[in-house]
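> the sequence isn't on hand, but the structure is:
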């Protein structure tokens with residue numbers, strides 16, 4: 001291969017490559033400008049504003065990509081030789097010389113042809129053969145780039161929307177907890193058909209919806225929770241289940257004394273009102289004379305207590321049952337009335353429990369609304385300084401720093417046994433304490449004396465023998481003097 005011909009054509013080839021890169025950059029600028037304008041138009045139509053970063057990026061990357069592609073496409077020697085032949089009218093001498101130079105078998109004719117081409121190419125001016133000038137598309141590319149810049153940098157009017165701040169996430173969580181507590185109460189009110197209870201649930205639901213509104217701060221949320229608690233407390237006052245439970249318990253004790261109503265009485269004592277209602281509906285007036293007499297007296301006492309407590313319907317039903325123990329039909333009717341009252345008490349107690357649970361839930365919601373929020377973080381060191389951001393961090397080193405093993409630690413070895421030596425505990429007896437102990441002793445003695453008398457009275461012993469036994473126990477009971485004499489002597493007495 002002949003080197004001189006390639007060295008002479010290298011400047012022409014280099015200028016052709018430069019011109020190709022310029023042409024590629026111009027075409028890339030034109031394509032990037034078109035893509036930038038299209039991107040800006042699409043973003044304006046979709047989002048109402050121009051995607052400025054994307055548009056400017058496409059505008060800059062267009063000419064860079066065009067020049068890079070042109071640089072990677074390296075031109076061959078044939079292009080440079082054709083340009084020289086065309087510019088100087090060499091009638092394909094340079095192109096033929098390039099062809100002969102690539103051949104392996106070189107003849108004298110080929111060498112003569114190559115030498116002739118080198119003589120003609122030696123005086124070639126590369127600037128004339130491959131001039132560098134702007135492409136024809138350059139004005140169009142500049143215009144397109146200017147349009148793309150105007151579109152990308154055009155000031156957009158930002159629509160300002162004035163409105164309340166977004167709802168607080170902590171308050172929304174508290175409202176969700178309060179709303180969850182209302183669901184079960186709402187279902188129960190639908191089952192019972194209680195209009196007042198449904199009205200209360202509706203008011204509480206409105207308060208929860210008000211808490212979810214934007215702009216509600218912690219103070220307003222606490223106020224609404226307090227209003228909800230007051231509403232629940234007012235509703236709780238309508239269900240005085242404590243007093244009714246006490247009267248039902250007394251009635252259960254009276255009914256449990258008879259075999260026919262024993263199951264109903266025990267259920268009333270255990271406050272299982274549904275079970276008690278079923279037992280009362282199945283109860284029959286099968287009493288012997290002694291049971292009927294005892295049950296009638298107990299029912300009349302219970303009716304009197306119920307009337308004094310202001311429970312007229314329950315007192316009347318209990319009195320009717322007491323008067324109808326010997327009449328099966330009247331007893332069954334009074335038992336059915338009492339079963340209805342028991343079922344009603346069971347429903348009221350269930351509602352009262354739900355209201356109590358709701359009240360506790362609202363109290364917990366108030367606590368959650370007041371506490372600090374935020375993500376918990378693990379501290380590397382234990383804090384020993386006061387802070388207002390309590391509850392926002394958990395200590396990862398609760399035991400403090402480790403003791404350095406190379407430090408001079410003072411250790412004291414304690415000798416002796418536990419309990420020896422002086423004590424810091426001192427036991428004193430005040431006059432009030434001694435009086436209380438004496439009173440407790442007398443009460444215990446009286447209880448023991450009653451049990452002794454009851455044991456003697458329960459045995460079939462004649463009266464004379466009973467007096468003898470009682471006197472015998474009194475005689476063998478030790479006195480105080482005998483107890484002191486029988487006590488072990490102290491260490492001083494042996495000397």
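Now that the structure is in, tell me what you want to look at. Computed from a prediction, not measured in an experiment: that's the story for all the values here.

> what are the structural domain limits within the protein?
Following automatic domain parsing, the chain resolves into domains at 3-153, 167-373.

> what segments of the stretch 151-300 of the chain are helices?
169-192, 195-211, 218-237, 241-256, 262-269, 273-282, 289-308 (DSSP state H, counting those that start in this stretch).

> got the angle between the second one and helix 218-237?
Read that as helix 195-211. 170 degrees (axes from the mean of the first three to the mean of the last three C-alpha atoms, to 10 degrees).

> list the contacts for residue 203?
Residue 203 sits next to residue 231 when contact means C-beta atoms under 8 Å, 6 or more residues apart in numbering. The C-beta positions use only the backbone N, C-alpha and C, and glycine is treated the same way.

> again with residue 172
Counting by C-beta under 8 Å, 6+ apart, residue 172 touches residue 212.

> would you mind measuring from it to residue 318?
Between residue 172 and residue 318 the distance, using C-beta to C-beta, to the nearest Å, works out to 52 Å.

> may I see the buried residues of stretch 292-309?
292, 295-296, 298-299, 302-303, 305-306, 309 (16 or more other C-beta atoms under 10 Å).

> average pLDDT across that stretch?
The predicted model assigns stretch 292-309 a mean pLDDT of 79.

> stretch 203-210 now?
For stretch 203-210, mean pLDDT is 80.

> redo the domains of the chain as TSV? Include distance to residue 439.
Formatted as TSV, the domains of the chain follow (distance: least, C-beta to C-beta, whole Å):
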stretch	distance to residue 439
domain 3-153	89
domain 167-373	30
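
> of all the ones you listed, which one is nearest residue 437?
domain 167-373 (34.6 Å; C-beta to C-beta).

> tell me the one of the buried residues of stretch 292-309 nearest residue 268?
Closest approach to residue 268 among the buried residues of stretch 292-309 (C-beta to C-beta): residue 302, at 10.7 Å.

> pretty sure the closest one is touching residue 250, no?
Yes - counting by C-beta atoms under 8 Å, residue 302 touches residue 250, with 5.1 Å between them.

> after the helix or strand that contains residue 26 comes which helix or strand?
Using DSSP states H and E, the element containing residue 26 is helix 3-47. Sequence-wise, the next helix or strand downstream of helix 3-47 (DSSP H and E) is helix 52-72.

> which helices and strands sit right next to that next one?
Using 3 or more C-beta pairs under 8 Å, 6 or more residues apart in numbering; DSSP states H and E, the elements in contact with helix 52-72 are helix 3-47, helix 138-153.

> pLDDT of the first one, averaged?
When you say that, I think you mean helix 3-47. Helix 3-47 shows a mean pLDDT of 72.

> just stretch 346-362 next, same as before
pLDDT averaged over stretch 346-362 gives 75.

> show me what counts as buried in it.
Across stretch 346-362, burial judged by 16+ other C-beta under 10 Å covers 346-352, 354-355, 358-359, 361-362.

> ok, stretch 270-278 next?
271-273, 275-278.

> so residue 472, which of the three states?
Secondary structure, DSSP: H, G, I helix; E, B strand; the rest coil: residue 472 is helix.

> for it, give its distance to residue 275.
Residue 472 is 53 Å from residue 275, by C-beta to C-beta.

> now residue 343: which helix or strand?
Applying DSSP H and E, one finds residue 343 within helix 328-370.

> still on that earlier bit, got the buried residues of stretch 346-362 as CSV, with distance to residue 411 columns?
Below are those laid out as CSV (distance: C-beta to C-beta, whole Å):
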residue, distance to residue 411
346, 68
347, 70
348, 68
349, 64
350, 64
351, 66
352, 62
354, 62
355, 62
358, 59
359, 56
361, 54
362, 56
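
> farthest pair in those residues?
Going by C-beta to C-beta, the pair spanning these furthest: 346 and 362, at 24.9 Å.

> tell me the phi and psi of residue 216?
phi -80, psi 120 (degrees, to the nearest 10).

> residues contacting the closest residue to it other than its chain neighbours?
Nearest residue to residue 216 in three dimensions, chain neighbours excluded: residue 171, at 5.9 Å (C-beta to C-beta, 6 or more residues apart in numbering). By C-beta under 8 Å, 6+ apart, residue 171 lies in contact with 211-212, 216-218, 221, 369.

> just those residues now: which is nearest residue 245?
Distances from residue 245 to those, taken by C-beta to C-beta, are shortest for residue 369, at 34.2 Å.

> wait, isn't residue 269 in contact with residue 256?
Yes - between residue 269 and residue 256 there is a contact under C-beta under 8 Å: 6.7 Å.

> buried ones in stretch 448-465?
Under 16+ other C-beta under 10 Å, stretch 448-465 has no buried positions.

> average pLDDT for that stretch?
For stretch 448-465, the mean confidence score works out to 78.

> ok, residues contacting it?
Stretch 448-465 is contacted from outside by 466, 469-470, 473, using C-beta under 8 Å, 6+ apart.

> lowest-pLDDT helix or strand in the chain?
strand 377-379 (a mean of 46; mean pLDDT, DSSP states H and E).

> the nearest residue in space to residue 359 that is not next to it in sequence: neighbouring residues, count only.
If the residues on either side of it in the chain are set aside, residue 359 comes closest to residue 232, at 4.9 Å by C-beta to C-beta, 6+ apart. Close neighbours of residue 232, defined as other C-beta atoms under 10 Å, add up to 21.

> by mean pLDDT, show me the worst of the domains of the chain.
For the domains of the chain, mean pLDDT drops lowest on domain 3-153, to a mean of 67.

> and residue 426, what pLDDT?
pLDDT, residue 426: 65.

> if we can go back for a sec, okay, the buried residues of stretch 292-309 in CSV with distance to residue 27 next?
Output for the buried residues of stretch 292-309, formatted as CSV (distance: C-beta to C-beta, whole Å):
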residue, distance to residue 27
292, 117
295, 113
296, 116
298, 112
299, 111
302, 107
303, 109
305, 107
306, 104
309, 102
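
> out of those, who's nearest residue 148?
residue 309 (91.4 Å).

> tell me the SS of residue 319?
Under three-state DSSP, residue 319 falls in the helix class.

> return the residues in contact with it.
By C-beta under 8 Å, 6+ apart, residue 319 lies in contact with 299-300, 303.

> run a quick neighbour tally on the closest residue to residue 67 other than its chain neighbours.
Among residues not flanking residue 67 along the chain, residue 25 sits closest, at 4.2 Å (C-beta to C-beta, 6+ apart). A count of nearby residues for residue 25, using other C-beta under 10 Å, gives 23.

> and what of residue 289?
Other residues close to residue 289 by other C-beta under 10 Å number 8.
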